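Peer 1: Generate coordinates for the sequence data below:
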Amino acid sequence: MKQSLRFVKGGEWSVRARSKVIDMTTGSSVGCIMYFALPIILGNLFQQLYSLTDAVIVGRFVNLNALAAIGGTGWVRWAILGVCMDCTMGFGIVASRRIGAGDRTGFKEVVAAGIEFVLAAGLSLTLLSCLSLDFVLRLLHIPENIYEDARLYLWYASVSIPVGLIYNMACAFLRAAGNSKGPFAAVVLSAILNVALDLYFIVDLHWGVCGAARATLIAQTAAAVLVLLLTVRQEPFRTTRNSWKWNPRILRETSALWIPMLFNSIAISAGGVIVQRYINSCGAIVAAGIDAGEKIYCLLETVEKAVCSAISVFVGQNLGAMKTVRIRKGMKSMTVFAFLFAAWLALVLLVFGDSLIGLFLNKNQDPADLKEAYHAARVYLNVQCVSIFFMVPMHFYRGAVQALGHAVYPMIAAFLQIAARWLTVALLVPTLGMVGMCLPDGVAALASLPVVVIPYFIFMRRLERE
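Peer 2: Below you'll find the predicted structure:
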């Protein structure tokens, strides 16, 4: 499996031994996906250390109010990250198709278009985000006692948008070419740097939430610089003057993917904001407890997201090579894996949940506050043990449908999730209390599951007939 793709005369790709990238059009489908996903899994786990480290160190060495300030803007920061990842994933999918088709020139043109997108989107999104800080915080019902800390943390997240776009675009192109080890090395380095800076800024310098925000920004910048160095050193990523010529075809192909993905992220985050708004209105202690539960769940969910990224590359490369039967067989096997993985996640949350929650809570806090925060976190994890059986297959098939070029269906699913989250908060929270407050994610996944599964099978049958 250790192979590398290089360009040869005629613009085609040639496979040679002792390489760093993976050709996913041959060999065992599940083996290719999981081998490709492993470095992404490890990389995502380290990437989660950004927010996890901030939350753990702030929760243990500052107080629950500081933890709530970080968690209270979680869905907005998720939206920022989601925009960076989904938009760049669109370019990555198109690039993986060029690789599967052996199109050297086309790959370079996609790289050039991705660079132009990063420059334009980075500036505009940062400006928009910084100008709307107070509006967003008021919309979220951030309590007054944590308002300034929440604003400061969100401001740092806003100015880091260009860094996030650069990092995710470079990673998308590297992964499209089958290189998942380079992004892994970058995120490991930055995660270690983030932990060290968090300890220094928060524990030694007592900078609190500001220290956590600064540590994250510095670490993310280091990761972006490293993946850029990895791309410029490889010949396939070196563009020519012709690569930068206006190409409407690439513009249409990439925008057909990233625009629906953009609305997808906005829609999902809008549904999350509805829930977060209600959680924040319950006070900083409840918000801190639920945020601790979310951080624990997100740490385990990174495995699922890594496999989803690998599925997108797998489908993209095999679509470019016109191997539709291989796509169908691979997704069938990954569906079985989805339910086995969901069962494993639920077991981990049930067995180790209490110990993981304790990492976020400072034992010197008021006992009543600790009890309330712990109860909120435990209920959240218990609910996710059931919801995960809908979330994992939904994410897998959403990634496959996007890679097939039909990103509009994930976008429709995202708008369904808004409605599902809103109805859950409106109808179930008054009767189920804390349980109802933790249900929106699972209900949203259940509502959107048919919207991505059914189109997948329809489009696969159509491709096989063609």
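
Peer 1: and V307, how many neighbours?
Peer 2: 27 (other C-beta atoms under 10 Å). Where C-beta positions appear, they are placed from N, C-alpha and C, glycine not excepted.

Peer 1: likewise the one 3 residues further on?
Peer 2: Using other C-beta under 10 Å as the criterion, A310 is surrounded by 26 other residues.

Peer 1: Can you name the helix or strand that it falls in?
Peer 2: helix 284-320 (DSSP states H and E).

Peer 1: buried residues in whichever helix or strand comes after that helix?
Peer 2: Going down the chain from helix 284-320, the next helix or strand is helix 324-358, by DSSP H and E. For helix 324-358, the neighbour count (16 or more other C-beta atoms under 10 Å) marks 324, 326-328, 330-331, 334, 337-338, 341-342, 345-346, 348-349, 353, 356-357 as buried.

Peer 1: Next, the angle helix 284-320 makes with helix 324-358.
Peer 2: Interaxial angle, helix 324-358 versus helix 284-320 (axes from the mean of the first three to the mean of the last three C-alpha atoms, to 10 degrees): 160 degrees.

Peer 1: Give me the average confidence score over helix 324-358.
Peer 2: For helix 324-358, the mean per-residue pLDDT is 87.

Peer 1: From the contact counts, what lies against it?
Peer 2: Where contact means 3 or more C-beta pairs under 8 Å, 6 or more residues apart in numbering; DSSP states H and E, helix 324-358 is packed against helix 29-61, helix 284-320, helix 367-403, helix 440-465.

Peer 1: gap between stretch 193-200 and the chain center?
Peer 2: Chain-centre distance of stretch 193-200: 22 Å, with C-alpha atoms, centre = their mean, to the nearest Å.

Peer 1: Ok, stretch 115-135 next?
Peer 2: For stretch 115-135, the distance to the chain centre is 19 Å (C-alpha atoms, centre = their mean).

Peer 1: L131: neighbouring residues, count only.
Peer 2: 10.

Peer 1: Can you give me every residue that contacts it?
Peer 2: For L131, no residue meets the contact criterion (C-beta atoms under 8 Å, 6 or more residues apart in numbering).

Peer 1: State the phi and psi torsions of it.
Peer 2: L131 adopts backbone torsions of phi -70, psi -20, taken as degrees, to the nearest 10.

Peer 1: same thing with S160?
Peer 2: phi -90, psi 0.

Peer 1: Quick check: it vs L193, distance?
Peer 2: 14 Å (C-beta to C-beta, to the nearest Å).

Peer 1: relative to helix 29-61, how tilted is whichever strand or helix holds T216?
Peer 2: Using DSSP H and E, T216 sits in helix 208-232. Per the same axes, to 10 degrees, the angle that helix 208-232 makes with helix 29-61 is 150 degrees.

Peer 1: Check the secondary structure at the closest residue to D86 other than its chain neighbours for me.
Peer 2: Closest residue in space to D86, ignoring its immediate chain neighbours: M261 at 3.6 Å, by C-beta to C-beta, 6 or more residues apart in numbering. At M261 the chain is in helix, as set by DSSP: H, G, I helix; E, B strand; the rest coil.

Peer 1: If I follow the layout properly, M261 ends up in contact with V401?
Peer 2: No - the criterion here is C-beta atoms under 8 Å, and M261 misses it with V401 at 11.2 Å.

Peer 1: shared neighbours of these two, which are they?
Peer 2: By C-beta under 8 Å, 6+ apart, the residues touching both M261 and V401 are A407, P410.

Peer 1: any idea of the mean pLDDT for stretch 148-159?
Peer 2: Mean predicted confidence for stretch 148-159 is 92.

Peer 1: Export only the CA atoms of it, formatted as PDB.
Peer 2: The C-alpha atoms that make up stretch 148-159 are tabulated as PDB, following Å, rounded to 0.1, in the frame of the first residue of the first chain:
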ATOM      1  CA  GLU A 148     -16.200  39.700  27.900                       C
ATOM      2  CA  ASP A 149     -14.400  36.400  28.000                       C
ATOM      3  CA  ALA A 150     -16.700  34.800  25.400                       C
ATOM      4  CA  ARG A 151     -16.200  37.900  23.200                       C
ATOM      5  CA  LEU A 152     -12.400  37.700  23.500                       C
ATOM      6  CA  TYR A 153     -12.300  34.000  22.700                       C
ATOM      7  CA  LEU A 154     -14.600  34.400  19.700                       C
ATOM      8  CA  TRP A 155     -12.500  37.300  18.400                       C
ATOM      9  CA  TYR A 156      -9.400  35.200  18.300                       C
ATOM     10  CA  ALA A 157     -11.400  32.500  16.500                       C
ATOM     11  CA  SER A 158     -12.500  35.100  13.900                       C
ATOM     12  CA  VAL A 159      -9.000  36.400  13.100                       C
END
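
Peer 1: Make residue 1 into 405 and carry on from there
Peer 2: Done: numbering now begins at 405, and the last item shifts to stretch 552-563.

Peer 1: Let me see the residues that make contact with it.
Peer 2: The contact list for stretch 552-563, computed with C-beta under 8 Å, 6+ apart, reads 469-470, 473-474, 476-477, 480-481, 484, 530, 533-534, 537-538, 540-541, 546, 612-614, 616-618, 620-621.

Peer 1: Buried ones only from the residues you listed, please, as a PyMOL command.
Peer 2: Applied in PyMOL, the following selects the buried portion of the contacts of stretch 552-563 according to 16+ other C-beta under 10 Å:
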select buried, resi 469+470+473+474+476+477+480+481+484+530+533+537+540+541+546+612+613+614+616+617+618+620+621
